[in-house]
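A.B. asks: what's the 3D shape of this:
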Amino acid sequence: MRHDHQRLIDWLAGFYALLVYAFIFLPVAVLVLFSFQASRFPVPPFTGPSLRWYADVMSDRRLTEALVNSIAVALVSSAVAVLLGFLAAYALARYRVIGSPFWRGLLTAPLSVSYLIIGMGLLILFNQIGMPKSLLAAGFGHVVINMPLCFAIIYSQMGEHQANVERAARDLGAAEWQVLTLITAPMLWPALFASFFLAITFSWDEFVIAFLLTRFDTTLPVEIWALLRSGLNPKTNAVGSLVFLVSIVMVLLVEVAVLRRRTR
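C.D. replies: Residues are numbered from 1 along each chain as shown. Down below sits the predicted model:
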């Protein structure tokens with residue numbers, strides 16, 4: 001009887017998990033399915049498969065430029081966020097800083113702030129200093145939202161065993177910059193790798209800040225929003241599917257980095 005009861009609980013738990021995953025991924029599955037729709041309207045019945053709309057996306061100059069802009073902003077802003085997060089984590093983990101808990105809390109505070117509030121604050125700031133709306137401004141915004149995440153990930157991985165190796169390197173005559181670049185960074189490579197690709201994922205599909213801080217040169221999410229204003233069509237489904245695919249690839253790369261660290 002107890003065995004049957006446990007089997008029933010396991011079956012219900014599995015069924016509940018299936019419902020949760022269906023609720024999360026069914027809209028994405030529909031989006032991807034109708035991106036292969038042969039007709040112009042993304043509604044049943046499904047007529048396909050066809051790569052017509054993917055070809056249209058790749059031949060659309062505005063979309064391809066927005067795609068390139070998104071890649072450039074994501075790569076550069078993520079690299080800067082990782083660098084700043086790494087330096088901040090190293091300083092707070094390895095040196096005695098007055099009010100260290102306060103500074104850690106201040107650095108991670110943007111994680112709890114709405115992107116809309118951050119975007120509006122940056123927009124006001126940039127207007128005050130005379131900085132025009134541009135991809136550069138959007139890049140600064142993405143550094144602001146991603147640096148706290150990078151800091152939190154890297155700081156959490158800076159243990160005492162690494163500090164012992166760093167002290168040994170200094171005792172052997174290594175300069176501080178050599179300790180930082182040849183000892184600390186390689187030992188933290190999985191955390192740096194994970195934070196970099198997570199930052200790319202967040203930057204890649206971020207809309208609010210990019211919408212507020214760009215004007216003529218826009219990122220892909222902003223361009224998708226412009227397409228949606230004219231109604232749904234398989235072209236927007238194709239673009240959305242590409243964005244989802246890139247996000248999935250980034251998350252898988254992060255998982256690989258975390259798994260490699262756990263198996264060491």
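
A.B. asks: Moving C-terminal from whichever strand or helix holds residue 146, which element do we reach first?
C.D. replies: Using DSSP states H and E, residue 146 maps to helix 135-156. Next along the chain after helix 135-156, taking DSSP H and E as the criterion, comes helix 160-171.

A.B. asks: neighbouring contacts of stretch 69-85?
C.D. replies: For stretch 69-85, contacts defined as C-beta atoms under 8 Å, 6 or more residues apart in numbering pick out 135, 138-140, 142-143, 146-154, 192, 195-197, 199-200, 203-204, 210, 217-221. Bear in mind the C-beta positions are built from the backbone N, C-alpha and C, glycine included.

A.B. asks: could you show me where the strands are in this protein, in order?
C.D. replies: When assigned using DSSP state E, the chain turns out to have no strands.

A.B. asks: Would you map the helices across it?
C.D. replies: Here the chain has its helices, by DSSP state H, at 2-34, 52-59, 61-94, 100-108, 115-129, 135-156, 160-171, 176-178, 185-187, 189-204, 208-213, 220-228, 234-263.

A.B. asks: got the ones you listed as TSV, with distance to residue 44 columns?
C.D. replies: Listed next are those as TSV, based on distance: least, C-beta to C-beta, whole Å:
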stretch	distance to residue 44
helix 2-34	9
helix 52-59	17
helix 61-94	26
helix 100-108	46
helix 115-129	35
helix 135-156	38
helix 160-171	56
helix 176-178	62
helix 185-187	53
helix 189-204	30
helix 208-213	32
helix 220-228	20
helix 234-263	13
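
A.B. asks: Residue ranges in the chain under the pLDDT threshold?
C.D. replies: Within the chain, the ranges that satisfy pLDDT under 70 run 1-5, 41-43, 46, 48, 231-233, 254, 257-264.

A.B. asks: related to what we said a few turns ago, using PDB, list the CA coordinates for the helix holding residue 146.
C.D. replies: What follows is helix 135-156, C-alpha atoms only, in PDB (Å, rounded to 0.1, in the frame of the first residue of the first chain):
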ATOM      1  CA  LEU A 135      23.900  52.400 -29.100                       C
ATOM      2  CA  LEU A 136      26.700  53.700 -26.800                       C
ATOM      3  CA  ALA A 137      24.100  55.000 -24.300                       C
ATOM      4  CA  ALA A 138      22.300  51.600 -24.500                       C
ATOM      5  CA  GLY A 139      25.600  49.900 -23.900                       C
ATOM      6  CA  PHE A 140      26.100  51.900 -20.700                       C
ATOM      7  CA  GLY A 141      22.600  51.000 -19.600                       C
ATOM      8  CA  HIS A 142      23.300  47.300 -20.100                       C
ATOM      9  CA  VAL A 143      26.600  47.600 -18.100                       C
ATOM     10  CA  VAL A 144      24.600  49.100 -15.300                       C
ATOM     11  CA  ILE A 145      22.100  46.200 -15.200                       C
ATOM     12  CA  ASN A 146      24.600  43.400 -15.800                       C
ATOM     13  CA  MET A 147      27.600  44.500 -13.700                       C
ATOM     14  CA  PRO A 148      25.800  43.700 -10.300                       C
ATOM     15  CA  LEU A 149      25.000  40.200 -11.600                       C
ATOM     16  CA  CYS A 150      28.600  39.600 -12.700                       C
ATOM     17  CA  PHE A 151      29.900  40.900  -9.400                       C
ATOM     18  CA  ALA A 152      27.600  38.600  -7.400                       C
ATOM     19  CA  ILE A 153      28.600  35.500  -9.400                       C
ATOM     20  CA  ILE A 154      32.300  36.200  -9.300                       C
ATOM     21  CA  TYR A 155      32.400  37.300  -5.600                       C
ATOM     22  CA  SER A 156      30.600  34.100  -4.600                       C
END
